[in-house]
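Visitor: Take a look and give me a structure for this.
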Amino acid sequence: MLGPVVLPCLLLLGAAPTTPAPPVTRTLAVFSLEPKVGVPKPVADLLSETLVAELRSSKAFARVVSPREIAVLMPAEQQKFLIQCASDQCGMVDEDLAGVLGVSHLLVGSLGRLGTSYLLNLRILELRTSVAVATVAERIKGQTDEALLDAMGPAVHKLLVDGGWAPEPQAPKDVVAAPSPAAEPTSAERSSPLKLARLGLRVLGGVGLVVGAVALLGGLTAAATAGTSVLAVRVPRSDHYVPQLQAAFAVGSVSALVSLALTVAFAGLGVTLLAASAAPL
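Guide: Numbers count the residues shown, from 1 in each chain. Prediction:
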């Protein structure tokens, strides 16, 4: 039988308490983004507030001081001096001056536009060592302000990853491979039907010219026959053969006109088809 002292000891050994995660103690002051070329100051100020919202939702800092709160605690001249120091434009950050904000880190950044892209630069400085502990430089493609809003969250996550305050994004395990697009035909495959089409047009054009030439010869033959019949028939003093001569001449003339029309039609068709075969398809 276990004694009253041994049983509690065994229970303590079997159920070791879990160590809770240490609370986050670092704090951050976010200065307004410096507007560069192509970015109005109201846009930079609005994105600075969006940046504060993203940082607060990340829970990476115990407290995040916004640019509006900084303006209440510190005049503009002192803010400008701290921003210059945080941007490596002076040797050390004035700890007494930064202590007014009551934070352990400062965030400064800039936003500019070049062509059809925005350039966003963010930098977090640790006041105790005056060392930049996280930086990010993002090129945001797009010509609208909505592109900046969509890119602010990923940029903040990259900044926190660089500082060691957020895990690396992991690729999903179950990724369905996208179907590969259908292979496009090669130039040789594309050219084969075109060559056949050109050859067909040339053959039809040649046939049209040949038929037109045959029709032309038929018309010339009909006209010559009509003229010969008129000259060959001797008209006596009576008008007995006049109707026959008129009929022969009319038949020859009509045949010649029909042949001429066929010649023009087929010759024109042949020329059109040959021109089409020479044009790019």
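Visitor: Can you list the buried residues in stretch 107-117?
Guide: L107, V108, G109, S110, L111, G112, R113 (16 or more other CB atoms under 10 Å). C-beta coordinates here come from the backbone N, C-alpha and C atoms, glycine included.
Visitor: just curious, which of those residues is nearest to V203?
Guide: Closest approach between the buried residues of stretch 107-117 and V203, by CB to CB: R113, at 60.5 Å.
Visitor: and the host helix or strand of E69, what does it pack onto?
Guide: Assessed by DSSP states H and E, E69 sits inside helix 67-73. If contacts are counted by 3 or more CB pairs under 8 Å, 6 or more residues apart in numbering; DSSP states H and E, helix 67-73 sits against strand 27-30, helix 41-58.
Visitor: Pull up the pairing partners for the first one, direction included.
Guide: To tie it back to what came earlier, the one meant is strand 27-30. Here strand 27-30 has these sheet partners by DSSP bridges: strand 63-65 (parallel), strand 105-114 (parallel).
Visitor: Dump these to a markdown table, plus mean pLDDT and distance to R198.
Guide: Formatted as a markdown table, the strands paired with strand 27-30 follow (pLDDT from 0 to 100; distance: least, CB to CB, whole Å):
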| stretch | mean pLDDT | distance to R198 |
| --- | --- | --- |
| strand 63-65 | 95 | 71 |
| strand 105-114 | 94 | 49 |
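Visitor: With distance to G200 added, can I get the ones you listed in TSV?
Guide: Below are the strands paired with strand 27-30 laid out as TSV (distance: least, CB to CB, whole Å):
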stretch	distance to G200
strand 63-65	75
strand 105-114	54
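Visitor: For I83, find the nearest of these.
Guide: Of the strands paired with strand 27-30, nearest to I83 by CB to CB is strand 105-114, at 5.2 Å.
Visitor: which other residues reach the closest one?
Guide: 26-31, 33-39, 43-44, 47, 51, 55, 61, 82-83, 86-87, 93, 98, 118-127, 133, 148 (CB atoms under 8 Å, 6 or more residues apart in numbering).
Visitor: So how do I select the buried members of the residues you listed in PyMOL?
Guide: In PyMOL syntax, the buried subset of the contacts of strand 105-114 is picked out as below (16+ other CB under 10 Å):
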select buried, resi 26+27+28+29+30+31+33+34+35+39+43+44+47+51+55+61+82+83+86+87+93+98+118+119+120+121+122+123+124+125+126+127+148
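Visitor: need the helices and strands packed on helix 67-73 in CSV with distance to G218 and mean pLDDT, can you?
Guide: Formatted as CSV, those follow (distance: least, CB to CB, whole Å; pLDDT from 0 to 100):
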stretch, distance to G218, mean pLDDT
strand 27-30, 96, 95
helix 41-58, 83, 95
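Visitor: now these in CSV, with distance to A261?
Guide: Formatted as CSV, the helices and strands packed on helix 67-73 follow (distance: least, CB to CB, whole Å):
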stretch, distance to A261
strand 27-30, 89
helix 41-58, 75
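Visitor: For L73, find the nearest of those.
Guide: Using CB to CB, the helices and strands packed on helix 67-73 put strand 27-30 closest to L73, at 8.9 Å.
Visitor: continuing past the closest one, what's the next helix or strand?
Guide: Assigned by DSSP H and E, the successor of strand 27-30 is strand 34-35.
Visitor: elements contacting that following strand?
Guide: Partner elements for strand 34-35 (3+ CB pairs under 8 Å, 6+ apart): helix 41-58, strand 105-114.
Visitor: Could you pull out the buried residues of the longest one?
Guide: In this case it means helix 41-58. Residues of helix 41-58 classed as buried under the neighbour-count rule (16+ other CB under 10 Å) are V43, A44, L46, L47, S48, L51, V52, E54, L55, S58.
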